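K.L.:
task: produce atomic coordinates for the following.
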Amino acid sequence: MKKILRKFFIVAAFMAFAMTCFAGEDWVQYGRYSRMNDSIRARGAECAPRAVFMGNSITDGWAAVHPDFFKRNNFVGRGIAGQTTAHMLARFRQDVVELRPDVVVINGGTNDIAENGGPYDEERALGNLISMAELARAHGIGVIMTSLLPAERYYWRPEIKDAPEKIRRLNGRIKEYADRHGYPYVDYYSLMDDEGRGRLNPRYTEDGVHPTGAGYDIMEEAVLAALAPSKKAAEPVVIRLWDDRRPSLTNGISEKEEKADNDNWIAMVAKPELYVYPAEKPTGMALLMCPGGGYAGVAISHEGKEMAGRMNKAGVALAVLKYRMPNGHAGVPVEDVREALRILRERGREWGIEPSKIGIGGASAGGHLASTVATHPEAAGGPVAFQVLLYPVISMKDGLTHEGSRRNLLGDAPTAEAVEYYSNELHVGSSTPQAFIVVSGDDDVVPAGNSFAYYNALRENGVAASLHVYPSGGHGWGMRPDFEYSAQWIEELTTWLQRTGARLRGQDAEK
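P.N.:
Residues are numbered from 1 along each chain as shown. Just a heads-up that it's a prediction; the model follows:
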């Protein structure tokens, strides 16, 4: 790896020097990424990158040293060694705007200070960065601004003695601009500075300018944290589920709801609610999501509401159900799902939802609830179009089930009949809806065998199913950004939903 880094940055240094000596026919290097850009555009808007990283050799080296980071997150690197902000601005349209990403991560300015394009002008460098941000926003692309990395000197420009001061001043102005316009600002500088010395920490560099793999690890953690909230949905329509009707079942809970973890966790649910997030450009599809919590509570945010932005961008309305806890009364949460589906079917036109394109989803115990509805359509007022299951509980059988979920659903001593009825792998048929299942192989809370058993039952019955197994991550990650495959799983889900939507349209056309 060190030899690769050294070779890459020797080439980068040569490019930086060469750009100051001559201007060829393609002085901006439009051709560098032209074929790759053509390939991305040809795949269509549904395959657009989640983020484009725009920059110089630091970004260029990032994609070369850690290609898997870009691949698994659906990121695209568009760094070119030696480039100033003027070069970046000149190619911004073709390398960013025309790729239609969700967001652009802009990192530039260090080569301006190194005078790769002539005498350094702080106003011009900042203006170029601002122009890139303005271009992105004008085309509906989110913006993340980033700091320059610390550098004590530029080895190809030893005559420049005041680089640390110029870097700090430009970083301050970039942050001020980002704060004023509400853009996330990623402060690589503070994370990688060598104890206030104004130089890149030797642990993260070999040449004092470019990061090593360890340095990129630091940058990746910081930028992922900034990207996590970059897609937010509008405020939901909130519906109290039984406001004008009485449920036929009760869970016997009279205590007040208990909330924790910034209201992400809600226990003792006795008054269910439905949160509807309509898509701005609806495809007619909707996903009714049941968050998990072992049938003791619901993790309403990271296993529900935080999915809204990505679902809505794909044209899918998201409805998140805060369902009543069973407290040993197994039919109670199913009754809430039935009522939520009734509302979505009857009022769906208000939110661009077609009744025939409503699916059910759930995480953990919510995945058990969702698969119960999928395999027992009579209990839910009719079939659903598809199912989305995140690390689900499927079975109530000994050795496979999650004991806490079974106890909360069926009580301490469930009958054999109840165990059989709620072991959903036993009730898959040819009419069971198509499924997307995602799980971590090292899940030590709900055995991954639940997902495998359900997938096998679906396949044995000729039901289309997509199973995604990640090697690590454990349980309960949902939309949390610290899950290593956080961007990958949601990207795979949205792609699957788009293809499922196309199949549903084809089925409607045949009727």
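
K.L.:
please state the offset of the stretch of helix or strand D38 belongs to from the chain centre?
P.N.:
If you go by DSSP states H and E, D38 is part of helix 34-42. With Cα atoms, centre = their mean, to the nearest Å as the basis, helix 34-42 stands 23 Å off its chain's centre.

K.L.:
that helix packs against which elements?
P.N.:
Packing partners of helix 34-42 (3 or more Cβ pairs under 8 Å, 6 or more residues apart in numbering; DSSP states H and E): helix 92-95. Every C-beta, even on glycine, is put in place using the N, C-alpha and C of the backbone.

K.L.:
quick one: contacts of the helix it packs on?
P.N.:
30, 33-34, 37, 52, 54, 78, 131-132, 135 (Cβ atoms under 8 Å, 6 or more residues apart in numbering).

K.L.:
before we move on, the earlier item: neighbouring strands - and their directions - for the following helix or strand past the helix holding D38?
P.N.:
Heading C-terminal from helix 34-42, the first helix or strand you meet, by DSSP H and E, is strand 51-55. Neighbouring strands of strand 51-55 in its sheet, by DSSP bridges, are strand 75-79 (parallel), strand 103-106 (parallel).

K.L.:
give me the angle between the first one and helix 34-42.
P.N.:
For the pair strand 75-79 and helix 34-42, the angle between their directions (axes from the mean of the first three to the mean of the last three Cα atoms, to 10 degrees) equals 150 degrees.

K.L.:
tell me the mean pLDDT over strand 75-79?
P.N.:
Across strand 75-79, pLDDT averages out at 97.

K.L.:
pull the CA coordinates from that strand and hand them back as PDB.
P.N.:
Taking C-alpha atoms only, strand 75-79 is exported to PDB below (Å, rounded to 0.1, in the frame of the first residue of the first chain):
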ATOM      1  CA  PHE A  75     -20.100   7.500  -4.200                       C
ATOM      2  CA  VAL A  76     -18.200   8.800  -7.200                       C
ATOM      3  CA  GLY A  77     -14.700  10.400  -7.000                       C
ATOM      4  CA  ARG A  78     -14.000  13.300  -9.300                       C
ATOM      5  CA  GLY A  79     -10.600  14.500  -8.100                       C
END
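
K.L.:
which residues touch it?
P.N.:
33, 36, 40, 49-63, 69-70, 91, 95-96, 99, 101, 107, 487.

K.L.:
please, a ChimeraX command that selects the buried ones among the residues you listed?
P.N.:
Applied in ChimeraX, the following selects the buried portion of those according to 16 or more other Cβ atoms under 10 Å:
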select :33,40,49,50,51,52,53,54,55,56,57,58,59,60,61,62,63,69,70,91,95,96,99,101,107,487
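
K.L.:
before we move on, back to that, can you tell me which of the strands paired with strand 51-55 is most buried?
P.N.:
Greatest average neighbour count among the strands paired with strand 51-55 goes to strand 103-106 (a mean of 26), per mean count of other Cβ atoms under 10 Å.

K.L.:
what about A260, how many neighbours?
P.N.:
A260: 10 surrounding residues under other Cβ atoms under 10 Å.

K.L.:
ok, the closest residue to it other than its chain neighbours - contacts?
P.N.:
Using Cβ to Cβ, 6 or more residues apart in numbering and skipping the chain neighbours, the partner closest in space to A260 is A267 (7.8 Å). Contact analysis of A267 by Cβ under 8 Å, 6+ apart lists 257-260, 293, 296-297, 325.

K.L.:
now the two most distant members of those residues.
P.N.:
A260 and M325 (14.9 Å; Cβ to Cβ).

K.L.:
the residue nearest to A260 bridge partners, please.
P.N.:
According to DSSP bridges, beta-bridge pairing links A267 with E258, G297.

K.L.:
quick one: pLDDT of it?
P.N.:
Confidence score, pLDDT, at A267: 94.

K.L.:
can you give me the distance of it to E403?
P.N.:
18 Å (Cβ to Cβ, to the nearest Å).
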